[in-house]
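Engineer: pasting the structure only:
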């Protein structure tokens, strides 16, 4: 395995062997290590000193199911701290097939471009493709496939990334070649755009799968893994049937569904946009619509879908819970067709649906657009891609939108907008949003599944810390988190899989050790970068939301205990950087 | 008798007496949640999560007239 290093300033590409001791370092852990050793924490996120890291996990293309997620990471222009955002799709698999654990992109193109990094089986090269400038994600992908081959994996940014908007994401092609899998959060698309890079195209690589250390043990561990997936109702039936949208009804019942700019936790028309309705609509329209879709090779959970229009033609793939909630109920919109169009447009523009949903909700809350005005929301989403002044404001996310419009009620932590697990209705999320190094990012620890009283503010932080550590472990292995309802029953299985692939001797506690080490690096980077604060916006502690009249009321001392040194031990020491 | 609204989310619709996602079920006063789940045939090993009036509830909770019971398998969003 190797690391591909691409210097955009000098246009030099080098292939470096994986550093000693990095055999198991991948995904989110690799992002954290590279940022802590190579990026000055106080650097300008959109400048030459930041680095964009694309990394796969150590189990990618080993035969282990669900292990080919791609982690993208950099210093975030949104949070000004470390950011890792991971997605499915086929790029992770193709990178592993090319022998790459990671691609590190540094510097900044000084002229020409925008550039495409093309990694074919014969060479790695930077290609200027001026015709891609300003192209939407879907059109750009069509051009790239025509140029570099239909079966290549693509990561691409839209106009939002080229405009350096802090809400811009990176979009990855799925198993159908559709660029709908997003490393959406934290403005990583803007980091890519700032480097002058429009796309990364890898493959198709068809090298034989490398030998694993113990094929018999690997077969046995994978069989056990698949058995647990089959025996768990969520992974066997609920995810493939309803997708992540299946969580909308339950979260609405709990009072945790962001509604009309976070003024309520339950939407009276939730039944119109639920996972059940989504599934029935896809089935009744037929055509190319599909539930139980695989977003990446080796996926056995199949939570993805293809949402069709009335004629059965694809509108967007996938249509997922966070997007439905943030572009639906949070905007007072109760129509899946409108939400799907908004999702398609957001993807094409290249902006994160969560950040855009929060920003649009704030605009509606300020009375500049009526709640429920789908046509108006579509026009504004289009403006983001056109780069109008208002479009640029919205595309830079919730915090900038608030500042420009004079709104002090900003649903964001560390500059990043809240996803669709309202922390007043699901109070375990208070710790997730306040304390994750990622800012308001639900994927850092979703507490909704936990056996707890979600309406009680106290008593969640210790559990939340354990969950954040476990999630960071899975993210560092490149493993899809949706296997956890099944695999969570036997953590030792992850160690068995790793040992069978790599011939290592890690124990059952390895996943937690890995997660802890990763979080310590992320914390150290954020402290050095001055990224904060570790708290929710004030209005969430003061404004009670219906239907259960809840505020975000976790006790301060409990939240402060999250980072207590007795648990974490000493943080890594970062290099001293002289000013550029 | 008391009347309780039961919402069967996602795959739990298979436990609905008439196949509908929402049912009003009549129970004798003093009925607890565990007895309702048993009556519906939901095995404890399924890992179903139950909310009573929007709040996580244990099997010993005594149901009241007009209560809303949500039966679900919790997923995570994407």
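Structural biologist: Perfect, I can see it now. Everything numeric here is computed off the predicted structure, so don't read it as measured data.

Engineer: how far off centre is the helix or strand hosting residue A:182?
Structural biologist: Secondary structure assigned from DSSP states H and E places residue A:182 in strand A:181-183. Centre-to-centre, strand A:181-183 and its host chain are 6 Å apart (Cα atoms, centre = their mean, to the nearest Å).

Engineer: model confidence over that strand, on average?
Structural biologist: Taken as a whole, strand A:181-183 has a mean pLDDT of 98.

Engineer: is that strand anywhere near chain B?
Structural biologist: No: judged by Cβ under 8 Å from any Cβ of the partner chain, strand A:181-183 stays clear of chain B, getting no closer than 10.0 Å. (Glycine included, C-beta is placed from N, CA and C.)

Engineer: which residues does that strand contact?
Structural biologist: Residues external to strand A:181-183 that are found in contact with it (Cβ atoms under 8 Å, 6 or more residues apart in numbering or on different chains): A:70-72, A:85-89, A:155, A:169-174, A:295-296, A:318, A:347, A:352-353.

Engineer: and the helix or strand that that strand is followed by, what does it pack against?
Structural biologist: The first helix or strand that comes after strand A:181-183 along the chain, using DSSP H and E, is helix A:188-194. Contact analysis of helix A:188-194 by 3 or more Cβ pairs under 8 Å, 6 or more residues apart in numbering or on different chains; DSSP states H and E lists strand A:52-55, strand A:70-75, helix A:159-162, strand A:170-172 as its packing neighbours.

Engineer: hmm, 6 Å instead?
Structural biologist: If contacts are counted by 3 or more Cβ pairs under 6 Å, 6 or more residues apart in numbering or on different chains; DSSP states H and E, helix A:188-194 sits against strand A:70-75, helix A:159-162, strand A:170-172.

Engineer: and these, which is most packed in?
Structural biologist: Scoring these by mean neighbour count under mean count of other Cβ atoms under 10 Å in any protein chain shown gives strand A:170-172 as the most buried, with a mean of 31.

Engineer: got the contact list for that strand?
Structural biologist: With Cβ atoms under 6 Å, 6 or more residues apart in numbering or on different chains as the contact definition, strand A:170-172 has outside contacts at A:72, A:87, A:89, A:91, A:137, A:155-157, A:179, A:181-183, A:188-189, A:192.

Engineer: now do stretch A:323-342
Structural biologist: Stretch A:323-342 is contacted by residues A:245, A:257-260, A:267, A:269, A:272-273, A:307, A:315-316, A:319, A:343, A:353-354, A:357, A:360-361, A:371-372, A:374, A:377, A:381, A:420 when judged by Cβ under 6 Å, 6+ apart.

Engineer: pLDDT weak spots in the chain?
Structural biologist: If you meant another chain, say so; for now it's chain A. Under the criterion of pLDDT under 70, the regions of chain A flagged as low confidence span A:579-580.

Engineer: you answered for a different chain; I wanted chain B.
Structural biologist: B:76-78.

Engineer: flag every residue of it that's near chain A.
Structural biologist: When proximity is defined as Cβ under 6 Å from any Cβ of the partner chain, chain B approaches chain A at B:9-11, B:51, B:54-56, B:70, B:72-78.

Engineer: give me the neighbour count for the residue of the stretch 101-250 of chain A at minimum distance from chain B.
Structural biologist: Chain B sits closest to residue A:244 of the stretch 101-250 of chain A, with a gap of 3.7 Å, by Cβ to the nearest Cβ. Using other Cβ atoms under 10 Å in any protein chain shown, residue A:244 is surrounded by 24 other residues.

Engineer: alright, that wraps it up for me.
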